[in-house]
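[1] 3D, please:
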Amino acid sequence: MVVSRTRKKIRRPVAARSGSRAAFHATLLMLVALLAAPIVFFGPHRWIDQNAAYLTAMASMTNRYRTMITNQSAVSAIARLLSLQIGADAEASPVPTIVGMTLEMILVAAVLFWDSRSRELKTLRGRLALCGLFCVMPSFAPISWKSYYAAMLLPYMALVAALLTDRVDDQKADRVVWTLFGLSIALNYVPELHWNRLALFYSAHFFSSILTLAALFLLWLRTGSTSQGNAAMLPKRETAVANSVAR
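    Numbering: from 1, shown residues only. Below is the predicted model:
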């Protein structure tokens with residue numbers, strides 16, 4: 001019995017490591033697939049031309065673009081905050097790039113680790129980490145603030161499904177998750193009002209995506225890994241089947 005228990009203890013970390021590696025390899029494969037997908041629609045020559053044009057445009061951008069309010073990347077957010085202290089020197093300072101990209105790498109690594117810990121792939125709970133990647137992607141490149149609306153569509157749909165449409169009738173929605181979700185929507189809506197320049201200067205869309213990421217992760221934590229939590233994260237039409245299996 002002692003030998004069998006020891007073997008089981010050894011097998012568990014090995015299985016966990018293999019699962020993490022499989023998730024990491026799957027993520028890399030998906031990134032390559034996303035980069036290569038336009039070839040199917042535009043052909044290899046146009047794909048190369050478009051990417052070359054994008055890289056040329058990025059290289060030709062002056063330092064002033066770093067602090068423009070339409071640039072809602074993480075680097076730009078740090079640069080604008082730094083400009084309050086050192087003024088125009090923030091445009092050429094290497095600090096925003098180092099701090100912003102480090103923050104992005106930490107967030108991506110954290111979400112990938114989170115995804116490796118998600119085991120319930122057939123439930124909404126197991127897909128929340130994937131939605132979290134969409135919260136991080138827009139802040140990498142100096143894209144227009146409007147691109148956040150397209151990138152945040154999937155995380156918002158997941159939160160609406162978990163908190164409203166697919167929630168079990170007798171289950172109470174988490175107030176903290178609702179609060180983070182509401183604040184995220186409010187920050188995305190503020191630039192549409194008279195305070196748009198102020199909201200864009202302080203990177204309202206970037207911080208909105210961070211709030212959404214926090215809401216997804218908190219929702220994942222609160223639901224737990226029990227059978228009841230998994231059943232609660234299934235669509236309503238599947239909940240009855242999950243409950244019958246649990247019994």
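
[2] From here on, just use CA atoms for contacts and neighbour counts.
    Will do.

[3] Output the below-cut-off pLDDT ranges for this structure.
    1-20, 23, 57-64, 142-144, 168-171, 173, 191-192, 225-247 (pLDDT under 70).

[4] So what are the structural domains in this structure, by residue number?
    According to automatic domain parsing, the chain comprises the domains 1-60, 66-246.

[5] Turn these into JSON lines, columns for mean neighbour count.
    Shown next, in JSON lines, are these (neighbours: other Cα atoms under 10 Å):
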{"stretch": "domain 1-60", "mean neighbour count": "12"}
{"stretch": "domain 66-246", "mean neighbour count": "18"}
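
[6] How much space separates Ser147 from Asn188?
    For Ser147, the distance to Asn188 (Cα to Cα, to the nearest Å) stands at 12 Å.

[7] what's the answer for Ser76, then?
    For Ser76 relative to Asn188 (Cα to Cα), the value is 17 Å.

[8] Also Met105?
    23 Å.

[9] do the same with Ser208
    For Ser208, the distance to Asn188 - Cα to Cα - is 6 Å.

[10] now the helices for the chain?
    For the chain, helices defined by DSSP state H occupy the ranges 2-36, 38-60, 74-86, 95-116, 128-136, 147-151, 153-160, 175-189, 196-201, 204-223, 227-232, 236-246.

[11] who wins for proximity to Lys122 among the ones you listed?
    Nearest to Lys122 among the helices of the chain is helix 227-232 (9.5 Å), distances taken as Cα to Cα.

[12] Could you check how far stretch 202-211 is from the centre of its chain?
    In terms of Cα atoms, centre = their mean, to the nearest Å, the centre of stretch 202-211 is found 12 Å from the chain centre.

[13] ditto for stretch 30-50
    23 Å.

[14] ok, now stretch 21-40?
    Centre to centre, stretch against its chain (Cα atoms, centre = their mean), the figure for stretch 21-40 is 16 Å.

[15] So which residues make contact with that stretch?
    46-47, 112, 115-116 (Cα atoms under 8 Å, 6 or more residues apart in numbering).

[16] Kindly reformat these as JSON lines containing distance to Leu219.
    Output for the contacts of stretch 21-40, formatted as JSON lines (distance: Cα to Cα, whole Å):
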{"residue": "Arg46", "distance to Leu219": "42"}
{"residue": "Trp47", "distance to Leu219": "39"}
{"residue": "Leu112", "distance to Leu219": "17"}
{"residue": "Asp115", "distance to Leu219": "14"}
{"residue": "Ser116", "distance to Leu219": "17"}
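
[17] and of these, the nearest to Leu55?
    Nearest to Leu55 among the contacts of stretch 21-40 is Trp47, at 12.4 Å by Cα to Cα.

[18] Roughly how far does that closest one sit from Leu128?
    31 Å.

[19] cool, and Ala92?
    According to Cα to Cα, Ala92 and Leu128 sit 38 Å apart.

[20] Likewise for Arg119?
    From Arg119 to Leu128 the distance is 11 Å (Cα to Cα).
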